[in-house]
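K.L.:
model this:
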Amino acid sequence: MANFEAQLEAELAAQEMMAEIEAEMARQAALDAFQAKLAADKAAAAASTAAYQVR
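P.N.:
The predicted structure follows:
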């Protein structure tokens, strides 16, 4: 019985660890998307400024 409980606890710990890893991957994906949008916005602002200065 103790062996079964230990195995159950180990499986639960592994599931919790996987959930934490998946959450971290989702946070990283959101950060990557945010940084990409920031870079695109920065490039658009630079292009807009350049176009304005040409006038």
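
K.L.:
contacting residues for Q53?
P.N.:
Applying CB atoms under 8 Å, 6 or more residues apart in numbering to Q53 gives no contacts. Every C-beta, even on glycine, is put in place using the N, C-alpha and C of the backbone.

K.L.:
and the helix or strand containing E16, how far out from the chain's middle?
P.N.:
Under the criterion of DSSP states H and E, E16 resides in helix 2-54. Computed by CA atoms, centre = their mean, to the nearest Å, the separation of helix 2-54 from the middle of its chain amounts to 0 Å.

K.L.:
average pLDDT across that helix?
P.N.:
Averaged over helix 2-54, pLDDT sits at 97.

K.L.:
Using CSV, write out the CA atom coordinates for stretch 22-31.
P.N.:
Only the C-alpha atoms of stretch 22-31 are listed here, as CSV (Å, rounded to 0.1, in the frame of the first residue of the first chain):
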residue,chain,number,x,y,z
GLU,A,22,3.4,24.3,-19.8
ALA,A,23,2.5,27.5,-18.0
GLU,A,24,6.1,28.7,-18.3
MET,A,25,6.1,27.9,-22.1
ALA,A,26,2.8,29.8,-22.5
ARG,A,27,4.3,32.8,-20.6
GLN,A,28,7.4,32.6,-22.9
ALA,A,29,5.2,32.5,-26.0
ALA,A,30,3.3,35.5,-24.8
LEU,A,31,6.5,37.4,-24.1
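
K.L.:
Go through it and flag the buried ones.
P.N.:
Within stretch 22-31, no residue counts as buried by 16 or more other CB atoms under 10 Å.

K.L.:
hmm, who's touching it?
P.N.:
Against stretch 22-31 from outside (CB under 8 Å, 6+ apart): no residues.

K.L.:
for stretch 37-45, same thing?
P.N.:
By CB under 8 Å, 6+ apart, no surrounding residue is in contact with stretch 37-45.

K.L.:
how near is A50 to D41?
P.N.:
From A50 over to D41 the distance is 15 Å, taken as CB to CB, to the nearest Å.

K.L.:
do E22 as well
P.N.:
In terms of CB to CB, E22 sits 29 Å off from D41.

K.L.:
what's the answer for A51, then?
P.N.:
To D41, A51 is 16 Å away according to CB to CB.

K.L.:
Thank you, goodbye.
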